[in-house]
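*Asks:* Dropping the sequence and predicted coords here.
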Amino acid sequence: MPEAVHQPGSPRLPLSNIRVLDLSRIMAAPWATQILADLGADVIKIERPGTGDDTRSWGPPFLKSADGHPLSDAGYFLAVNRGKRSVTIDISTPEGQSIVRELAKTADVVVENFKAGALVRYGLDAASLRALKPSIVYCSVTGFGQNGPRRDQAAYDFAIQAMGGLMSITGEHPDRPGGGPQKVGIPIVDLMTGMYAAVAILAALTRRAENGEGETIDIAMLDVTAAMLSNQAMNYLLGGKSPTQSGNRHPNIQPQDVFQSANAPFVLAVGNDGQFRKLCAVVGHPDWAEDDRFSTNAARVDHSAELTALLREAFAKFDRTVLCDALDAAGVPAAPINTIAQLFEDPQILARGLLCQIPHPVAGSVPTVASPIRLKESPLRFDLAPPMLGAHTDEIMAELNLEPAAPAKSAMENEA
């Protein structure tokens with residue numbers, strides 16, 4: 001994998017003039033601040049002395065030193081914290097709170113994901129810090145938001161996937177073997193919450209550039225999950241029937257499902273009537289495209305069981321590679337079901353530079369999956385590895401002309 005090295009004279013990144021004070025941990029909000037870091041922001045991550053972000057210990061696997069010894073940072077932490085500087089501060093102490101306030105004076109953005117209202121006792125809530133610096137964009141990320149009857153409840157991705165209806169439409173149909181609710185294979189609510197938070201922060205910064213005013217942003221994981229339901233939510237709102245699990249079958253477009261070829265499974269994703277006609281030609285049954293049961297998408301949805309049975313019989317005669325190549329040549333979306341290892345061997349992923357190594361002071365280098373954002377005039381760089389705990393404390397204190405606060409066991413709140 002190529003080294004990600006800063007090139008002198010490279011174009012300034014879009015957020016290179018922005019400083020982010022990151023009081024967050026776990027996944028959702030750190031995903032947002034990593035997006036900002038990728039775009040060039042100086043992200044200062046405040047961590048608990050001694051333990052740091054909870055995800056540092058969420059392993060194995062753990063990063064290894066250059067000589068092969070495990071370090072204290074798990075893959076979970078490494079996935080969401082590149083490009084940041086780590087400072088250890090006990091914000092439960094007056095000294096720690098004072099340092100955070102000094103950092104806030106230098107920041108454009110503050111991001112936190114404490115329980116709603118938890119930072120008021122420390123004088124680090126939105127009202128307190130925006131009184132100190134009105135132009136700050138202050139983003140709070142919680143499970144349920146800053147108001148409402150669930151405001152004080154704790155939340156994790158898994159619980160919100162369940163509560164937010166996502167698990168009710170994920171998994172095989174309850175009447176089929178292995179059926180019932182399933183969570184998504186990644187913490188999708190955390191990731192999408194981070195995306196919404198990053199978008200909101202960028203919008204607030206754009207507005208501030210026009211009028212100089214800061215903003216207070218309230219992002220809730222349950223709200224995000226409701227919004228993510230998108231077409232399934234509209235299916236319910238228009239049809240009055242609550243969707244349920246349908247396995248890999250699309251509820252509104254057919255044929256879209258996992259099918260078995262003669263030697264391996266693959267995904268078929270026909271999106272319109274023209275693609276269906278091409279599919280029929282590839283498998284030697286152009287007559288299906290003229291059949292009243294299958295000639296339109298609405299008809300195919302109504303007769304999906306009959307169509308699926310015909311397709312399964314036809315596909316069983318084909319080698320997967322031969323079939324997928326033929327469908328690709330005809331312009332019909334189809335794909336093998338890759339493992340993650342196979343994904344990272346795909347020539348398209350390699351050509352796009354999704355894999356890179358970032359220099360690390362102890363491990364030598366750390367692998368990372370690059371941001372998918374591609375900017376032609378100011379291409380992103382990945383120079384700063386996920387930080388070791390407190391690695392930049394002295395550096396940041398020197399920038400503020402302050403002495404580091406005395407180490408102490410932190411009383412920081414648990415994840416919201």
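*Replies:* Arrived safely.
*Asks:* Show me the shaky parts of the stretch 251-400 of the chain.
*Replies:* Applying pLDDT under 70 to the stretch 251-400 of the chain flags no residue at all.
*Asks:* how about the strands of it, start to end?
*Replies:* 256-260, 265-269, 334-336, 355-360, 364-369 (DSSP state E, counting those that start in this stretch).
*Asks:* And the stretch 101-250 of the chain, by the same measure?
*Replies:* 109-112, 137-142, 215-220.
*Asks:* can you put those strands in JSON lines and add mean neighbour count and distance to residue 299?
*Replies:* For every residue, glycine as well, the C-beta is placed using N, CA and C. Output for these, formatted as JSON lines (neighbours: other Cβ atoms under 10 Å; distance: least, Cβ to Cβ, whole Å):
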{"stretch": "strand 109-112", "mean neighbour count": "28", "distance to residue 299": "49"}
{"stretch": "strand 137-142", "mean neighbour count": "28", "distance to residue 299": "45"}
{"stretch": "strand 215-220", "mean neighbour count": "20", "distance to residue 299": "41"}
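*Asks:* what's the closest of the strands of the stretch 251-400 of the chain to residue 161?
*Replies:* strand 256-260 (21.4 Å; Cβ to Cβ).
*Asks:* With just CA atoms, put the closest one into PDB.
*Replies:* What follows is strand 256-260, C-alpha atoms only, in PDB (Å, rounded to 0.1, in the frame of the first residue of the first chain):
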ATOM      1  CA  GLN A 256     -33.500  -7.800  -6.800                       C
ATOM      2  CA  ASP A 257     -32.200 -10.600  -4.600                       C
ATOM      3  CA  VAL A 258     -29.400 -13.000  -3.900                       C
ATOM      4  CA  PHE A 259     -29.400 -15.900  -6.400                       C
ATOM      5  CA  GLN A 260     -27.400 -19.100  -6.700                       C
END
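*Asks:* Out of the strands of the stretch 251-400 of the chain, which is the most enclosed?
*Replies:* strand 355-360 (a mean of 18; mean count of other Cβ atoms under 10 Å).
*Asks:* Summarise which helices and strands it is packed against.
*Replies:* Applying 3 or more Cβ pairs under 8 Å, 6 or more residues apart in numbering; DSSP states H and E, we find strand 355-360 packed against strand 364-369.
*Asks:* Excluding covalently adjacent residues, which one is nearest to residue 112?
*Replies:* residue 23 (3.9 Å; Cβ to Cβ, 6 or more residues apart in numbering).
*Asks:* okay, that neighbour: pLDDT?
*Replies:* With respect to pLDDT, residue 23 has a value of 98.
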